[in-house]
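Student: please find the sequence and the predicted model below.
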Amino acid sequence: NADEFALPFAELERARPPCDAVPAPRDVGRDLSDADMAKRVHLAPYAQIAPHTFGGHGSAERAYEMFRSLGLQVMIVVDKKCRPIGIITRHELALLEEIGMREREVGLRRRQSLVYTKSN
């Protein structure tokens with residue numbers, strides 16, 4: 001269709017509103033008219049035909065390894081019947097990495113501050 005076009009991923013990322021600007025689920029669609037609700041968005045240009053999936057009971061370390069080794073942006077989380085139950089993004093894993101680094105730093109400081117005493 002001549003009216004269809006696809007935006008590059010980088011442009012979509014720049015257009016993403018900050019997290020605090022995203023409305024609560026109950027507020028989504030509140031200001032939309034019937035004409036707006038009748039419109040559709042063609043997502044095929046942005047969807048992967050065979051996205052990488054990850055089991056819902058897998059470890060965060062394994063998910064992180066997959067993201068790093070495969071250069072992924074997103075990964076679909078599936079249940080035991082391969083039904084999608086969530087999505088992991090690179091941004092979320094970056095936050096986990098940051099939290100992990102802080103925890104390691106705190107653990108190291110605790111170990112360095114321990115004073116061992118000899119008990120009789």
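Tutor: Received it, and whenever you're ready, just let me know what you need.

Student: pLDDT at the spatially most central residue of the chain, what is it?
Tutor: Geometric centre of the chain, nearest residue: Thr89, 2.4 Å, by CA atoms, centre = their mean. Model confidence at Thr89, given as pLDDT, is 86.

Student: same check, this time on Val77
Tutor: Looking at Val77, its pLDDT stands at 91.

Student: isn't it up against Ile87?
Tutor: Yes: between Val77 and Ile87 there is a contact at 6.4 Å, judged by CB atoms under 8 Å. Every C-beta, even on glycine, is put in place using the N, C-alpha and C of the backbone.

Student: list the contacts of the longest helix along the chain.
Tutor: Determined from DSSP state H, the single longest helix within the chain is helix 90-113. Contact with helix 90-113 is made by Ala60, Ala63, Tyr64, Phe67, Leu72, Gln73, Val74, as judged by CB atoms under 8 Å, 6 or more residues apart in numbering.

Student: so which of those belong to helices?
Tutor: Ala60, Ala63, Tyr64, Phe67.

Student: quick one: the strands in this protein?
Tutor: 53-55, 74-78, 84-89 (DSSP state E).

Student: okay, buried residues for the last one please.
Tutor: What that stands for is strand 84-89. For strand 84-89, the neighbour count (16 or more other CB atoms under 10 Å) marks Ile88 as buried.

Student: all set, thanks.
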